[in-house]
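**Q** just the structure for this:
(chains A and B)
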There are 2 protein chains.
Amino acid sequence: MMDRRRFAASVAAAMAAVAAGERALGQEPGHVATDADVQAAMELAMKPGPRLQVAMVMYPQMTGQDLIGPHNFLCGIMNADVHLVWKTKEPVPLDRGGTALLPTMTLAECPKQVDVLFVPGGLQGTIAAIQDDAVVDFVADRGSRARWVTSVCTGSLVLGAAGLLKGYRATSHWSTRDLLPLAGAIRVDERVVEDRNRLTGAGVTSGMDFGLALTAKLTSRTYAEMLQLVNEYDPQPPFAAGSPAKAGGPMTQHLQAMFAPGNAGLKTALEGARKRRPA
Amino acid sequence: MMDRRRFAASVAAAMAAVAAGERALGQEPGHVATDADVQAAMELAMKPGPRLQVAMVMYPQMTGQDLIGPHNFLCGIMNADVHLVWKTKEPVPLDRGGTALLPTMTLAECPKQVDVLFVPGGLQGTIAAIQDDAVVDFVADRGSRARWVTSVCTGSLVLGAAGLLKGYRATSHWSTRDLLPLAGAIRVDERVVEDRNRLTGAGVTSGMDFGLALTAKLTSRTYAEMLQLVNEYDPQPPFAAGSPAKAGGPMTQHLQAMFAPGNAGLKTALEGARKRRPA
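**A** Got it, this is the predicted structure:
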């Protein structure tokens, strides 16, 4: 004889798993933009007015994907000027592949008032950025007035070194999250964390999810969805090892050991920043 | 009285939905690398031998994310040399944001025999690339001997213009997939398509899924999973509009209309390529 309660519990558990899967995929089943939604989103996007100023800070040995992920979406905002800013306009070397990306504007040329201040991550590059007063001063200054203060990966530690995360909930690359309190922040183990006008993303590829979330805030949900479709962001990773919980202990511990010397460097840099800029 | 069959059907449907959700997330539940797996993957990755040669073709007005997505993963392969190749070593302008990326090698300097030939997409840039004999000749030559012939987004149309997709199943950006037969390919509506040694990705952000899949082929599944964790690729898009099916008709039609002039240009370029290189 079948046990009704066992069946009911199975159904409930399965339904909860489906709902969790949908949440994991960011899906709201049945949400499909109408012609009127698209029309309204385009009208809003083309409304005359001052152009949004987005300042994306570069630095040598930054991780290219951290910056290009959100850049790819933000450049799709019709009334936004997206600036890549660095000390000079010389190519800024990335942390992998021996290539470099061109800035579009110097730190000195960057508008004083920006709608978005963004800082990407890296490892050796982030350590150097935190130890570089010119970079930290720029981030602290623009961040003090920016409408949105944002980062991907270890970029949040640069925001923290500039005093911009004191008392704010924030995230970072999974392997560096325990450094967030040293950067004045409240550690949150999530992929994209919003606290008032701070929006921080987790490691490297979180910049896609972060970039879409930020795009929606600067435009509208429908407009962000259009950019999602333009960029065909319908992720289907072939494996499921993208977080420590999913990858499991052995792999996580192996990588954490690999990252240990770099993370020790980040810790020292953050301690130095705290001494130079006492709260 | 409860209906056992209705219950059983509900459970089966819910379980199927869970399985579909897991497949959508690329998950194989319970697959967690052991210490021995990690050890074996690292030993394989550090095995002495000739270094893998990866040639990623650049061109003006390419889409940066198309290239950086896979580049970010491929550069994590310890025994691979990842080359960004273009006619000169001058910065190659991207299709958005007024920035440019530095090549690491000229087309002439590129090894004759490469393990991977990769071509990114774009729109105006792809049209120009298809019309440029120097580019198409290079792609045809290296592709004729490459171990893997690969692309993301409209890069597959460049492969096709070079005669490399004749009779092969392939994908492209959703809005340009109907041009695949004109490029000699068999259109497949999937995110990453493998046919013998051809591996093609769909639009822009598919480069992440494509990049991981290719990494696994060049190394091992466990090594690719390690790079997935290093780059925290655990996507959680805030919205679910990443494919025409998910975004729905109104948004898809609006964008298809926007893309129409560019796609007409691609069509003309492919027809020209076919005339210049009859099968």
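
**Q** for chain B, see how far away A:C153 is.
**A** Distance, A:C153 to chain B, by C-beta to the nearest C-beta, to the nearest Å: 8 Å. For the C-beta atoms, the positions are set from N, CA and C on the backbone; glycine is no exception.

**Q** which residues are in contact with that residue?
**A** A:63, A:66, A:120-122, A:172-173, A:201-204, A:206-207 (C-beta atoms under 8 Å, 6 or more residues apart in numbering or on different chains).

**Q** can you select the buried ones from those residues in PyMOL?
**A** To isolate the buried members of those in PyMOL, using 16 or more other C-beta atoms under 10 Å in any protein chain shown:
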select buried, chain A and resi 63+66+120+121+122+172+173+201+202+203+204+206+207
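
**Q** contacts with chain B among the contacts of A:C153, please.
**A** The overlap between the contacts of A:C153 and the neighbours of chain B (C-beta under 8 Å from any C-beta of the partner chain) comes to A:63, A:173, A:202-204, A:206.

**Q** make JSON lines from the residues you listed and add secondary structure and pLDDT to it.
**A** Listed next are the ones next to chain B among the contacts of A:C153 as JSON lines, based on DSSP: H, G, I helix; E, B strand; the rest coil; pLDDT from 0 to 100:
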{"residue": "A:T63", "secondary structure": "coil", "pLDDT": "98"}
{"residue": "A:H173", "secondary structure": "coil", "pLDDT": "98"}
{"residue": "A:A202", "secondary structure": "coil", "pLDDT": "98"}
{"residue": "A:G203", "secondary structure": "coil", "pLDDT": "98"}
{"residue": "A:V204", "secondary structure": "coil", "pLDDT": "98"}
{"residue": "A:S206", "secondary structure": "helix", "pLDDT": "98"}
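
**Q** mind putting the residues you listed into a markdown table with distance to A:A33?
**A** Converted to a markdown table, the ones next to chain B among the contacts of A:C153 look like this (distance: C-beta to C-beta, whole Å):
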| residue | distance to A:A33 |
| --- | --- |
| A:T63 | 33 |
| A:H173 | 33 |
| A:A202 | 28 |
| A:G203 | 31 |
| A:V204 | 30 |
| A:S206 | 25 |
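
**Q** looking at the residues you listed, which is nearest chain B?
**A** Of all the ones next to chain B among the contacts of A:C153, chain B sits closest to A:G203, with 3.0 Å by C-beta to the nearest C-beta.

**Q** list the contacts for that closest one?
**A** So A:G203 contacts A:121, A:153, A:172-175, B:230-232 (C-beta under 8 Å, 6+ apart).

**Q** can you tell me which of those residues are in helices?
**A** Counting by DSSP state H, the contacts of A:G203 place B:V230 in helices.

**Q** quick revisit: pick out the most distant pair among the ones next to chain B among the contacts of A:C153.
**A** Greatest spatial distance among the ones next to chain B among the contacts of A:C153 (C-beta to C-beta): A:T63 and A:A202, at 12.7 Å.

**Q** separation between the residue lying closest to A:S172 once chain neighbours are set aside and chain B?
**A** Leaving aside its chain neighbours, A:S172 sits nearest to A:S156 (4.6 Å; criterion: C-beta to C-beta, 6 or more residues apart in numbering or on different chains). Remark: distance between A:S156 and chain B (C-beta to the nearest C-beta) = 13 Å.

**Q** now find how far off-centre the helix or strand hosting A:S156 is within its chain.
**A** For A:S156, the host element (DSSP states H and E) is helix A:155-161. Distance of helix A:155-161 from its chain centroid, counting by C-alpha atoms, centre = their mean, to the nearest Å, is 12 Å.

**Q** helices and strands around it, which ones?
**A** For helix A:155-161, the packing partners by 3 or more C-beta pairs under 8 Å, 6 or more residues apart in numbering or on different chains; DSSP states H and E come out as strand A:116-119, helix A:124-130, helix A:133-145, strand A:148-152, strand A:169-170, strand A:198-201, helix A:249-276.

**Q** dump the contacts of A:G203 to JSON lines, plus distance to A:M78.
**A** Shown next, in JSON lines, are the contacts of A:G203 (distance: C-beta to C-beta, whole Å):
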{"residue": "A:G121", "distance to A:M78": "28"}
{"residue": "A:C153", "distance to A:M78": "28"}
{"residue": "A:S172", "distance to A:M78": "31"}
{"residue": "A:H173", "distance to A:M78": "32"}
{"residue": "A:W174", "distance to A:M78": "35"}
{"residue": "A:S175", "distance to A:M78": "37"}
{"residue": "B:V230", "distance to A:M78": "35"}
{"residue": "B:N231", "distance to A:M78": "30"}
{"residue": "B:E232", "distance to A:M78": "30"}
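
**Q** closest to B:L165 among the contacts of A:G203?
**A** For these, the nearest to B:L165 is B:N231 (29.0 Å; C-beta to C-beta).

**Q** quick one, what contacts that closest one?
**A** Here B:N231 is in contact with A:65, A:203-205, A:242, B:72-73, B:76 (C-beta under 8 Å, 6+ apart).
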